[in-house]
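Student: below: sequence and its predicted model.
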Amino acid sequence: MKKILSIFLFLLITILEIPAATPSTVIEVMDVLSSGAQFDYIGESISQLEHALQCAKLAQDSGANSELILASLLHDIGHLCAQKNAPTMSQYGICEHENIGANYLASQGFSSTVVTLVRSHIDAKR
């Protein structure tokens, strides 16, 4: 629980540093991310939220900068903020979730670096 709270606190502080961020932006992004506790991570024994927190923790432990840690935390947010009827890729979640997530984060005022990292995370795995 302590790790979850520290990552959420990091997210809160980082979002508040975004010039366009408002309290409603912070609440909305945290609500979307928190909703990931309800969904498994594509057939794994962890939730979407746990996956996001693991990625952020690994980035933090490796000495990454705040934008990379934030992008690690939010890289799969497109699975969570997509419309209910969004097309899926069988057991792999929402089609184009990287673009859905990047567009969502851009609309919330996140930096172009975070948006680009989220948008390109699928290509980076290939």
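Tutor: Right, received. Where do you want to start?
Student: next, count neighbours for Ser90.
Tutor: 7 (other Cβ atoms under 10 Å). From N, CA and C alone the C-beta is placed, and that goes for glycine too.
Student: typo on my end, it should be Gln38
Tutor: 10.
Student: how about the closest residue to it other than its chain neighbours, phi and psi?
Tutor: Using Cβ to Cβ, 6 or more residues apart in numbering and skipping the chain neighbours, the partner closest in space to Gln38 is Ser47 (7.2 Å). Per-residue torsions, Ser47: phi -90, psi 170 (degrees, to the nearest 10).
Student: Ser47 and Ser66, how far apart?
Tutor: 24 Å (Cβ to Cβ, to the nearest Å).
Student: with Phe110 instead?
Tutor: Distance from Phe110 to Ser66, by Cβ to Cβ: 12 Å.
Student: so these two - more neighbours on which side?
Tutor: Just comparing Phe110 and Ser66: by other Cβ under 10 Å the higher neighbour count belongs to Phe110, 25 against 16.
Student: name the SS class of that one, please.
Tutor: With DSSP: H, G, I helix; E, B strand; the rest coil as the basis, Phe110 sits in coil.
Student: surely Gly93 and Ile42 touch.
Tutor: Yes - counting by Cβ atoms under 8 Å, Gly93 does reach Ile42; the two are 5.5 Å apart.
Student: neighbour count: those two, which is higher?
Tutor: Taking neighbours as other Cβ under 10 Å, Gly93 and Ile42 compare with Gly93 leading, 19 against 15.
Student: since we're on Asp31, how many residues are nearby?
Tutor: Close neighbours of Asp31, defined as other Cβ under 10 Å, add up to 11.
Student: do the same with Ile100
Tutor: 21.
Student: thank you, goodbye.
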